[in-house]
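In: Sharing a sequence plus its predicted fold:
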Amino acid sequence: MLKVHHLVQSQSQRIVWLCEELEIPYDLVIHGRDPVTNLPAGDLKAVHPLGLAPIIEDGVLVLSESGAIVEYLLDRHDQECLRPSPDHPDRAEFLHWFHFANANLQSGFGRVMFFDRAGVPRDNPVHAMLRARLAASLEYMDVRLAGVPYLAGETFTAADIMTAVTLATMRAHFAVNLSPYGGIRAWLHRNAARPAYRRALERGDSGFEPVLD
Ligand SMILES: N[C@@H](CCC(=O)N[C@@H](CS)C(=O)NCC(=O)O)C(=O)O
């Protein structure tokens, strides 16, 4: 059976959520965090050399990188519910937002978070530039979500899973104010109401409340 390694309150929530959406049977291995460092308490490097969650094991395959894992699972289990087909009119938007999740939003979010954690003053010009870039990314998402209910268009897709976890879960570690972005907040609430998402939280992050506003 598919084994999913999940670090609590992390990007690996994406994989638990996807498995619940697609009703893929899976064994969940939950990795806790060190209460002082917030890093994984156990050694994820024993599972994969990068030591970063998520990781899946499927037979002899050991795969990391949430984008790759999502694509792998969609290839095997999706009936074009969560990923528009190559000739679908929403396909290009889907690809854009699916890759935006890690290439832009998560990395932009992480840069600001780590600058703050490193104690770089907020008036440092590079820090200010990174915050401005993150704000521009959020504004860009918000404009998109003012016109459509989901990032790819009319229907919920894996691009929503990839991006929503950054905003609903990672903001538990690092506050980013979404009050100017009503479109994003409404979309986060829409995603969070999905039964598969609630099941994923119950199974992988029991007691955790996602940050939706
Ligand atoms: N690009 C990777 C990022 C994975 C990643 O950075 N995971 C974090 C949790 S959000 C992690 O495992 N951190 C453990 C550590 O820093 O030691 C992905 O999308 O899967």
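Out: That came through fine.
In: The chain - how does it break down into domains?
Out: 2-82+197-204, 91-194 (automatic domain parsing).
In: So what's the gap between the first one and the chain middle?
Out: Here the centre of mass of C-alpha atoms in domain 2-82+197-204, compared against the chain's by CA atoms, centre = their mean, to the nearest Å, lies 11 Å away.
In: How about the residues of the chain by the ligand?
Out: Taking CB under 6 Å from any ligand atom as the contact definition, the chain meets the ligand at 7, 10-11, 39-40, 51-54, 65-67, 102. C-beta here means a position set from N, CA and C on the backbone, and glycine is covered the same way.
In: part of a helix, is Val211?
Out: No - judged by DSSP: H, G, I helix; E, B strand; the rest coil, Val211 forms no part of a helix; its state is coil.
In: follow-up on the earlier one: mind putting the domains of the chain into TSV with mean neighbour count and distance to Leu212?
Out: Converted to TSV, those look like this (neighbours: other CB atoms under 10 Å; distance: least, CB to CB, whole Å):
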stretch	mean neighbour count	distance to Leu212
domain 2-82+197-204	17	11
domain 91-194	17	5
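In: residues touching Ile56, list them.
Out: 2-5, 15, 62-63, 69, 72-73 (CB atoms under 8 Å, 6 or more residues apart in numbering).
In: let's go with 7 Å and repeat that
Out: 2-4, 15, 63, 69 (CB atoms under 7 Å, 6 or more residues apart in numbering).
In: what are the phi and psi angles of it?
Out: phi -120, psi 150 (degrees, to the nearest 10).
In: Beyond the longest helix seen in the chain, next helix or strand please.
Out: Of all the segments of type helix in the chain, defined by DSSP state H, the longest one is helix 125-147. Under the assignment DSSP states H and E, the closest C-terminal helix or strand after helix 125-147 is helix 158-168.
In: distance between that following helix and the chain's centre?
Out: That offset, for helix 158-168, works out to 4 Å (CA atoms, centre = their mean).
In: could you give the angle of it to helix 125-147?
Out: Relative orientation of helix 158-168 versus helix 125-147 (axes from the mean of the first three to the mean of the last three CA atoms, to 10 degrees): 130 degrees.
In: which outside residues touch helix 158-168?
Out: Outside helix 158-168, the residues touching it (CB under 7 Å, 6+ apart) are 11, 13-14, 17-18, 66-67, 70, 74, 82-83, 94, 97-98, 100-102, 105-106, 109, 150-152, 184, 188, 191-192, 210-212.
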